[in-house]
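Chemist: From the sequence below, what's the structure:
(2 chains)
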Amino acid sequence: DAGITQSPRYKITETGRQVTLMCHQTWSHSYMFWYRQDLGHGLRLIYYSAAADITDKGEVPDGYVVSRSKTENFPLTLESATRSQTSVYFCASSTSGARTDTQYFGPGTRLTVL
Amino acid sequence: QKEVEQNSGPLSVPEGAIASLNCTYSDRGSQSFFWYRQYSGKSPELIMFIYSNGDKEDGRFTAQLNKASQYVSLLIRDSQPSDSATYLCAATPGYNTDKLIFGTGTRLQVFP
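Modeler: Model prediction:
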């Protein structure tokens, strides 16, 4: 029972480089979410997806791109990484929208942008 | 003003005591409220959720919701050192129930 996995777990990159963080879930959950967690800001939603090929912005989408061609995968791309994008990134999934359902979180990816 | 606010703590309580964690929200349209626990270096995990005014109990945990005061709380009875973690309050905004808005979390320390 793999659940929800993220890769890589740790990543160091340089300003201006493109970085893709991967998220994979084995539950066939409809909804998937990307959050970033920073000291003093808590968890902030970047993007979410209600189903394959349906994505929507969260609180802090600027500088990020997502896609969801398959239900089980939800990659997050930083097209040109900036130091302000240094953070811990969590992917989550749920069977339905947030109002009535538990979100299950992946282990996180710690990204450092130099 | 953040939509969901929590005192960052730390809240320190002795083992066996009741820990009371508080959260306020600004959106009167918010319908669902969640408490997540996050151990240091780990991912958040759901403790419980509440939709209706009043209390909801699950083992040592009780969530309380007061929509008139826009206030949610989590009580942890018989606190244990293993309860030491950051507790995140979250709410669905009234304008979009597909997503959650999280508070910044309250760090709880339970000392022996």
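
Chemist: how many neighbours does B:Ser20 have?
Modeler: Here the count is done by other CB atoms under 10 Å in any protein chain shown, and B:Ser20 has 15 residues near it. In this view, the C-beta of every residue, glycine as well, is placed from N, C-alpha and C.

Chemist: repeat for A:Ser87
Modeler: Other residues close to A:Ser87 by other CB under 10 Å number 21.

Chemist: B:Ser82 belongs to a helix?
Modeler: Yes - the secondary structure assignment for B:Ser82 places it in a helix, going by DSSP: H, G, I helix; E, B strand; the rest coil.

Chemist: how about it, what does it touch?
Modeler: Contacts were defined as CB atoms under 8 Å, 6 or more residues apart in numbering or on different chains; by that measure B:Ser82 touches B:Val110.

Chemist: And it, how far from chain A?
Modeler: When CB to the nearest CB, to the nearest Å is applied, the distance between B:Ser82 and chain A equals 19 Å.

Chemist: What degree of burial does A:Lys70 show, as a neighbour count?
Modeler: Around A:Lys70 there are 10 other residues, counting by other CB under 10 Å.

Chemist: meant to ask about A:Leu39, not that
Modeler: 9.

Chemist: any idea how far it is from A:Gln6?
Modeler: Here the distance between A:Leu39 and A:Gln6 works out to 20 Å (CB to CB, to the nearest Å).

Chemist: and the residue lying closest to B:Ser73 once chain neighbours are set aside, how many residues sit next to it?
Modeler: Leaving out its chain neighbours, the residue that sits closest to B:Ser73 by CB to CB, 6 or more residues apart in numbering or on different chains is B:Gln64, at 4.6 Å. B:Gln64 has 18 neighbours, counted by other CB under 10 Å.

Chemist: On the three-state scheme, B:Gln64 is what?
Modeler: Using three-state DSSP, the three-state assignment for B:Gln64 comes out as strand.

Chemist: in the sheet, who's paired with it?
Modeler: Beta-bridge pairing of B:Gln64 under DSSP bridges involves B:Asp55, B:Ser73.

Chemist: pretty sure it is touching B:Val72, no?
Modeler: Yes - in this structure, B:Gln64 sits in contact with B:Val72. The criterion is CB atoms under 8 Å, and the distance is 6.9 Å.

Chemist: Please consider this matter closed, and thank you.
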